[in-house]
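K.L.:
What shape does this take:
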Amino acid sequence: MKTVAKWGFYIILIILFRMVNDYVPRDIDSELLPYVESFEKWTGTKLQGRYYSIKFARQYPGVAAVALGMNNDDAVIVRVDPIIWARLSKQQRSWLVYHELAHDVHNSIHDTSFLMNRSIPVFLTDQILEAAKDQYLITLRNGTNKI
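P.N.:
Numbering: from 1, shown residues only. Next up is the predicted model:
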């Protein structure tokens, strides 16, 4: 009987640890959420199980966003400047969020793909964005996003 009680205790303990591990704060501004979900979908990367905070916050002049959690695999922390955001097209907004999440989630560095260029393209169509995403996935698969 002691063995059964002992195993029951361990099973309950494992369940509790899994519940705690599954509950990680998700702090995303609602306007940014669709872009984050889109990034998760096309890269096949889930932010679940990590602490993440993706919010609007003023940045230094000329800085559209920052990836504060880069090189920290337990946290995704992105801050997007709301003033610059308001002036961007839908495609440019996607580009910006994808670029910062690529830094933060995959530790990608600048100039390893078109998506990882330092500036947001002024003229950006859906077709150009899709091509940049496809190219980024190739660099991700090849491991050349960090060189």
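K.L.:
Could you say which helix or strand holds the closest residue to residue 45 other than its chain neighbours?
P.N.:
In this structure, residue 45 finds its nearest non-sequential neighbour in residue 105, 5.6 Å apart by CB to CB, 6 or more residues apart in numbering. Yep, even glycine has a C-beta here, placed from its N, CA and C like the rest. If you go by DSSP states H and E, residue 105 is part of helix 90-106.
K.L.:
now the next helix or strand after that helix: mean pLDDT?
P.N.:
As assigned by DSSP H and E, the chain's next helix or strand after helix 90-106 is helix 126-142. For helix 126-142, mean pLDDT is 95.
K.L.:
So what's the gap between helix 126-142 and the chain middle?
P.N.:
The chain centre lies 16 Å from the centre of helix 126-142; the measure is CA atoms, centre = their mean, to the nearest Å.
K.L.:
just stretch 121-135 next, same as before
P.N.:
Using CA atoms, centre = their mean, the offset of stretch 121-135 from its chain centre is 18 Å.
K.L.:
Buried ones in that stretch, by neighbour count?
P.N.:
By neighbour count with 16 or more other CB atoms under 10 Å, stretch 121-135 contains the buried residues 124, 129, 132, 133.
K.L.:
what do you get for stretch 114-122?
P.N.:
For stretch 114-122, by 16+ other CB under 10 Å, it's 114, 115, 116, 120.
K.L.:
Looking at those, which is nearest residue 87?
P.N.:
Comparing these against residue 87 with CB to CB places residue 120 closest, at 10.4 Å.
K.L.:
Just name the shakiest helix or strand of this structure by mean pLDDT.
P.N.:
Lowest on mean pLDDT, DSSP states H and E among the helices and strands of the chain sits helix 2-22, with a mean of 58.
K.L.:
Could you check what's spatially nearest to residue 82, not counting adjacent residues?
P.N.:
Computed as CB to CB, 6+ apart, the closest residue to residue 82 that is not its neighbour in sequence is residue 56, at 4.3 Å.
K.L.:
Good, wrapping up.
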